[in-house]
Structures are given as C-alpha cells and as structure tokens.
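Engineer: below is the sequence, then the predicted model.
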Protein chains: 2
Amino acid sequence: MSQSFDIAVIGATGTVGETLVQILEERDFPVANLHLLASSESAGHSVPFRGKNVRVREVDEFDFGKVQLVFFAAGPAVTISFAPRATAAGCTVIDLSGALPVPHVVPEANPEVLASLGKPVQVGSPSAAATALAVVLAPLKGLDILRVNLTACLAVSSQGREAVTELARQTAELLNVRPLEPRFFDRQMAFNLLAQVGKPDALGHVALEKRLVSELRELLAAPLLKISVTCIQAPVFFGDSYSVSLQTAAEVDLAAVNAALETAAGIELVEAGDYPTAVGDAVGQDVVYVGRVRGGVDDPCELNLWLTVDNVRKGAALNAVQLAELLIKDLL
Amino acid sequence: MSQSFDIAVIGATGTVGETLVQILEERDFPVANLHLLASSESAGHSVPFRGKNVRVREVDEFDFGKVQLVFFAAGPAVTISFAPRATAAGCTVIDLSGALPVPHVVPEANPEVLASLGKPVQVGSPSAAATALAVVLAPLKGLDILRVNLTACLAVSSQGREAVTELARQTAELLNVRPLEPRFFDRQMAFNLLAQVGKPDALGHVALEKRLVSELRELLAAPLLKISVTCIQAPVFFGDSYSVSLQTAAEVDLAAVNAALETAAGIELVEAGDYPTAVGDAVGQDVVYVGRVRGGVDDPCELNLWLTVDNVRKGAALNAVQLAELLIKDLL
C-alpha cells in the first residue's frame, strides 16, 4: 500500500523554496497535492512541478487544514506568523528559517531526535553551515573534539536572489569600468570579501554566527563544545566553503579520520593533495565535499578540513526533504 | 650632512618590485643611483622613478660592487643564485622572497633584531600574512596568546601579474557566457574559492603555510606559539583578508585590546560595528586595517579579529623599505 501527502511549501518563490519543490520531484516524494505559498509580493508567480506550473498563492489566505506537512522556507517573520496556524491544524512543520524554538535535526548526525518529538511534529532544518559541519563532524565524534574554529565563506545566494543579481551587476560594472553603485550590499561585493553577514549585536556577533554555534552544539549533542566562528560573504554565486580547524583531546589518527569520512553518509572525500571547490564540485550535488584533510603543521592534536557544500540544496532544501522522508515513515 | 645610496632592486618588473620602486620615491629614500634588475625574460622593460623611465637590466650581468643595498623581490630561485654575490660584494641584502635562512624583521614587531645582525647585513622581509599579523599581534603580547587560528584569504596578486590577468579574463568569459578555459589557475578562479595555494607536501601543508608559521613565531619571539593556518585563494585582485581567532591564557579585556590597537603603529582600527575590506580600505594604504574586534560567542578567553592589508604594498614592498630606512640610520 502506498500513501501520499498533501504538502505546503511557504516561501516557494525563494531560492531554497524553489529548490525544495524540485527535490520533492527528483526524489519521488509521495506528494498528493502541492500547495505553494508566499507573501503577497511573491504570490502570482508559478513554479514547475511534475511537468506543470503550480501557481504560488498568498499564505495569508491559506487553510492549513488542507495539508499534513508544511515546509517553512521563507524568512523568520513569516514562520513566526503562520507556524502556529499550521500546528493548530495538526500539520507536521519543518522549519528552515531558524525562527522556531524547536529541535534541529540533520539525518546524518542526530536522526534519533525525530523519534522523541511530540505530535504534531515541529522540527528545524538548521543553517547551511551547521548542516554541513554536522554531516562531517558526526562521524568524527570519536576524536574527542575540544574546539571548532571556523571561517565560513558564504555564497551570496545565502542572502537570496537579489544578492545574486547584485554580484553579477557589480562585476559587470567594474569590468566595464563604470562607476560602482552598491544597492543590495552596502559596499563593493565584486572582487572583495565582506567580513560581516548581517547586523552585529553590541558584542560584535551577528545572528547567523550565534545560530551556528547553538545549532552545531545541538546537532552534535555537545552542549559545551567550544566553537569560534566568523561568517564572511564571498563573491561566489552558489556554494559555501568552510575552513575548519579542530582541536582534539588526543593525537589525531589521520588514517582513521580518512576512513571514517570515506564511509560516512552524505560526504564525498576528495583525494589527498586535491581539494573541492564550491563551483566545480559542490553546486548541484547532494553531499558535502571534504578535502585538505591534514593535521597541524606541528600540533598532533589538530585536524584541518576544507568543506564545500551547495548552500541552497544540501545545506537547506535537501536536508528538509530528508527530514520529511524520515517523518513520513511513521505514517506510511 | 646627507648621504645617499646606490641601490639595486632585483625583480623590478614584478608587482612587488615595481611598488617598491614607487615607495622609494614616495618616501624620499636617499637614492643616489637606482639599478633595476630582473631575469632575462623581463629585462628590457622600463619602470618609472623620479620622472624618468629606468631600464630594467639582466641580473646575470650585474656588478654588485656598484651598490650598497640590494632588495631581492624576485622568486626564491633568483635570490638563492644572486644573494651570495651581493653579500660577497659587501652589500646590505633585504630578501622579500623567503629564500634565505636569515632573520626576519617587521619594524612594528621586532625592530631590535636589526641591531644584532652581523655585517654585511642580510635580513628577510616576511610574507604578507606574517607581516600583517605581526603588526597587529605585537601590541597584543600582554594577552598571553596560546594559539592563533588563521584563515588567510589571499588576493590573486600574491601570485603575480599573470594571476591578476587570469581572474579578469575568467570573469569576463563567464559574464559573457563563453566557455571557461583556465590557464594560470588549474580551475575556475572567478566566483570561486581555491583551498590550496601552491603544491602540498606529503602531509598536506603548502610552503606558504609553513613559512607563515615559522615567520610569525620568529617575529613575535614566541617559538612555541601554536598556529593553525589555511591559506586560500580568493577572487580578489588586490588586498588580503585574514580571519583570525586567538586563544588566550586569561580572559580577554576587550577595552584594553581596543586601546592597544588604537595607539599601535601601522594599524588602522575600524570602529565597532563596521569592518574593513580589502578593496574599500586596505588597497593603496600603508597600514593594516583591523575590525570585528570581539570575544568568543561565550568563551571569555577568545579574541576574534578581521584584518585587511594591501598584500603588495604594506604586506611586502613597504615593509622592505621600512627595514632599509632603519638600516641606513647606522650609515648616515
């Protein structure tokens, strides 16, 4: 017997929402009726699904009683407004916005959490950086990691479509020796690196960095793990890159690390001497790429890694669909 | 009484060599005769100095007896071949290539080393990253730094003029939807980040990373300092950016850190909440820019910094000229 589900995707016109719909189709997710929703500005567009164009409707007017499963792929404000209505209607809610105070799950890291959730289920799909790091660090738990030092180089697509357009426009202006007029970013993004993604609090931390620390500790079930993080904006359209340096309690056995990464789910380990890049490897793929696996220059309790991931796909939309696949197993 | 010096610049046609000549002029360095030298491929070009075009000659045929001071701003092989001849002729040698096993000095960090050098002097001007980090960390010595975690995002100009041309060419091809043909880099550099700058050794470390660790320990007179470093290549023409996370033995006093950085030589501290960028701030400037000065998200023994520096100017050519200015004080 096969069962299928009525599903709503909120934020269906965004980069993540559109990719999510595409992944539902690619993975043959058992969708009966698909409802695509967005705020009033974006409603009226269409998104392709199974050979048809599905019209995007206003979320304000939606009756959540029509669906069993809702993906929140819009901004935090939309999630906060509408998630209570979805839950009141008995829907399973998967939040990609980080807005809800719910458990976060990455199937490769802490799938056991799903079984402990009350009904109706509310579960969070973490930020791209936390997702990718959890996929890679979960199989390395035997290392006894004391500290994670991370510089996350984010693609502009992590800020949505407008940011992608702005990088292209700025680049073309500079190559054509026209005066640069930043619009979406507050300064030159093309051929430059911006050290701050979002507005910092009084202590200098931005929300994304704090979210990453809290999500990664949760995903690894390591509430005391020390995590130092700087998120920067790179002039890259799609695909995040993470420079990771771990400190461990004992000497790192590199052969064991390589073996663990080689066999773990959701990871593609690049051969020693080579390294993955966002554009050349990760974009469009369903795995986190790992390369430059090496110890410290002279510290045996150090492990360095370079990760690249499709921030929209594996870092967001795919993880949410993977969560849905696990959740519906109970229902099928 | 004023005295002036006969000077040779080896590698005068490179990005660093040309900037070095420009800085000698800008700072009114007491130059009597300037000899510009390069390998046979580059000889024959001219470089402007004090309103004249100075012809670049072949280093092979140069008589080092004609000069008192030599800057080696070419590659390591050229330095290794010709530095012994310069020293044999009694010249003061300033090596920017990293090839000579000589003491390295950054005037803002360890100027006292100059007084201890034997004659004829041989001194090294370190890599851009070590120079910038030494400028910023020297005034923070009171912190009792246990470990430096660094992701260095290098501009393509750190690999010379060909790399700059290649980034522009690749970018134009992509914007014009033409097929990409990497030449200088082995893959797409435009809108991408490359995790490895140079060929790694059997343990996965590249020469630049090992050089940085050794130079920074030397400059800070901290031979046991733990340093974790990843050098990546960013699609930025000029200006390096460094994401730095320090671990300290005691709680970090952020007010004291800000005060120390505010008053230190060679540093421009950007106001809290803002941050510097390579393109907008550092390029063309004689200081290292520092921003995003903040503690850990919840670790009081952590200090995070974002640095940007003109890798060709402050990171290389200017430091070498500053060394020369200190060295000639003895002779004037």
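Structural biologist: Received the coordinates, thanks. Numbers count the residues shown, from 1 in each chain, chains lettered A, B, ... in the order given.
Engineer: do stretch A:271-279 and chain B meet?
Structural biologist: Yes. Using CB under 8 Å from any CB of the partner chain, we find that stretch A:271-279 touches chain B at A:272-273, A:275-279. Where C-beta positions appear, they are placed from N, C-alpha and C, glycine not excepted.
Engineer: most neighbours, which of those?
Structural biologist: Neighbour counts for those, by other CB atoms under 10 Å in any protein chain shown, peak at A:Ala278, which reaches 28 neighbours.
Engineer: next, format the residues of stretch A:271-279 next to chain B as CSV and append secondary structure, distance to A:Arg85 and pLDDT.
Structural biologist: Output for the residues of stretch A:271-279 next to chain B, formatted as CSV (DSSP: H, G, I helix; E, B strand; the rest coil; distance: CB to CB, whole Å; pLDDT from 0 to 100):
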residue, secondary structure, distance to A:Arg85, pLDDT
A:Ala272, coil, 52, 93
A:Gly273, coil, 53, 93
A:Tyr275, coil, 46, 98
A:Pro276, coil, 42, 98
A:Thr277, coil, 42, 98
A:Ala278, helix, 37, 97
A:Val279, helix, 40, 95
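Engineer: among the residues you listed, which one lies nearest to A:Gly75?
Structural biologist: Taking CB to CB as the measure, A:Gly75 lies nearest A:Ala278 of the residues of stretch A:271-279 next to chain B, at 23.9 Å.
Engineer: buried ones in the top helix by length along chain A?
Structural biologist: If you go by DSSP state H, chain A has its longest helix at helix A:161-175. Within helix A:161-175, the residues that count as buried by 16 or more other CB atoms under 10 Å in any protein chain shown are A:163-164, A:166-171, A:173-174.
Engineer: so which of those residues comes closest to chain B?
Structural biologist: Taking CB to the nearest CB as the measure, chain B lies nearest A:Thr171 of the buried residues of helix A:161-175, at 6.3 Å.
Engineer: tell me the contacts of that closest one?
Structural biologist: Residues counted as contacts of A:Thr171 (CB atoms under 8 Å, 6 or more residues apart in numbering or on different chains) are A:190-191, A:235, B:171, B:175.
Engineer: A:Val123 now?
Structural biologist: A:Val123 touches A:92-95, A:102-105, A:113-114, A:117, A:323, A:327, counting by CB under 8 Å, 6+ apart.
Engineer: over to A:Leu36?
Structural biologist: A:Leu36 touches A:8-9, A:12-13, A:17, A:21, A:47, A:49, A:54-57, counting by CB under 8 Å, 6+ apart.
Engineer: in the host helix or strand of it, which residues are buried?
Structural biologist: Using DSSP states H and E, A:Leu36 falls within strand A:31-38. For strand A:31-38, the neighbour count (16+ other CB under 10 Å) marks A:31, A:34-38 as buried.
Engineer: element containing A:Glu262?
Structural biologist: Counting by DSSP H and E, the element that carries A:Glu262 is helix A:254-263.
Engineer: likewise A:Asp186?
Structural biologist: Short version, using DSSP H and E: A:Asp186 is in no helix or strand.
Engineer: separation between it and A:Thr87?
Structural biologist: From A:Asp186 over to A:Thr87 the distance is 37 Å, taken as CB to CB, to the nearest Å.
Engineer: do the same with A:Ile328
Structural biologist: Between A:Ile328 and A:Thr87 the computed distance is 17 Å (CB to CB).
Engineer: low-confidence ranges in chain A?
Structural biologist: Applying pLDDT under 70 to chain A flags residues A:1-2, A:331-332.
Engineer: what segments of it are helices?
Structural biologist: A:15-26, A:76-88, A:128-137, A:161-175, A:207-219, A:254-263, A:318-329.
Engineer: count of residues packed around the nearest residue to A:Arg169 once chain neighbours are set aside?
Structural biologist: Spatial nearest neighbour of A:Arg169, excluding adjacent residues (CB to CB, 6 or more residues apart in numbering or on different chains): A:Arg183 at 7.9 Å. Other residues lying near A:Arg183 total 10 when counted by other CB under 10 Å.
Engineer: ramachandran coordinates for A:Arg183?
Structural biologist: In terms of degrees, to the nearest 10, the main-chain angles of A:Arg183 are phi -120, psi -70.
Engineer: wait, it touches A:Thr165, no?
Structural biologist: No. Between A:Arg183 and A:Thr165 there is no contact under CB atoms under 8 Å: 9.2 Å.
Engineer: which of the helices of chain A sits most buried?
Structural biologist: Burial of these is given as mean neighbour count (mean count of other CB atoms under 10 Å in any protein chain shown); helix A:128-137 ranks first at a mean of 28.
Engineer: which strands and helices lie in contact with that helix?
Structural biologist: strand A:145-154, helix A:207-219, strand A:240-248, strand A:288-295, strand A:302-309 (3 or more CB pairs under 8 Å, 6 or more residues apart in numbering or on different chains; DSSP states H and E).
Engineer: tell me the bridge partners for the residue in the stretch 1-150 of chain A that chain B sits nearest to.
Structural biologist: Chain B sits closest to A:Asn149 of the stretch 1-150 of chain A, with a gap of 4.0 Å, by CB to the nearest CB. Note on A:Asn149: beta-bridge partners by DSSP bridges are A:Ser228, A:Ser245.
Engineer: per-domain residue ranges of chain A.
Structural biologist: Dividing chain A into domains by automatic domain parsing, as the record does, gives the ranges A:5-126+A:316-329, A:131-311.
Engineer: quick one: closest of these to B:Val287.
Structural biologist: Here domain A:131-311 is closest among these (CB to CB), at 16.7 Å.
Engineer: run the chain-centre distance for the closest one.
Structural biologist: 11 Å (CA atoms, centre = their mean, to the nearest Å).
Engineer: put the alpha carbons of stretch A:113-120 into CSV.
Structural biologist: The C-alpha coordinates for stretch A:113-120 follow below in CSV (Å, rounded to 0.1, in the frame of the first residue of the first chain):
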residue,chain,number,x,y,z
VAL,A,113,15.9,13.0,17.9
LEU,A,114,13.0,12.6,15.5
ALA,A,115,11.5,9.7,17.5
SER,A,116,11.3,11.7,20.6
LEU,A,117,9.3,14.6,19.1
GLY,A,118,5.7,15.1,20.3
LYS,A,119,2.8,15.4,17.9
PRO,A,120,2.1,17.4,15.8
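Engineer: quick check: buried residues in that stretch?
Structural biologist: A:113-114, A:120.
Engineer: excluding its backbone neighbours, what's nearest A:Ile23?
Structural biologist: Counting by CB to CB, 6+ apart, the residue nearest A:Ile23 is A:Val321, at 4.8 Å.
Engineer: my guess is the one you found contacts A:Gln22. True?
Structural biologist: No. A:Val321 is beyond contact range of A:Gln22, at 9.8 Å (criterion: CB under 8 Å).
Engineer: quick revisit: may I see the contacts of A:Val123 organised as CSV, with distance to B:Phe82 added?
Structural biologist: Listed next are those as CSV, based on distance: CB to CB, whole Å:
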residue, distance to B:Phe82
A:Thr92, 72
A:Val93, 70
A:Ile94, 66
A:Asp95, 64
A:Val102, 67
A:Pro103, 65
A:His104, 60
A:Val105, 62
A:Val113, 65
A:Leu114, 67
A:Leu117, 71
A:Leu323, 63
A:Leu327, 70
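Engineer: keep the residues you listed, but drop any that are not near chain B.
Structural biologist: Of the contacts of A:Val123, not one also sits near chain B (CB under 8 Å from any CB).
Engineer: show me which of the residues you listed is closest to A:Val213.
Structural biologist: Proximity of the contacts of A:Val123 to A:Val213 (CB to CB) peaks at A:His104, which lies at 12.4 Å.
Engineer: list the contacts for the closest one?
Structural biologist: A:123-126, A:130, A:215, A:218-219.
Engineer: go again with 10 Å.
Structural biologist: If you count contacts by CB atoms under 10 Å, 6 or more residues apart in numbering or on different chains, A:His104 has them with A:95, A:98, A:110, A:113, A:123-127, A:130-131, A:134, A:211, A:214-216, A:218-219, A:319, A:323.
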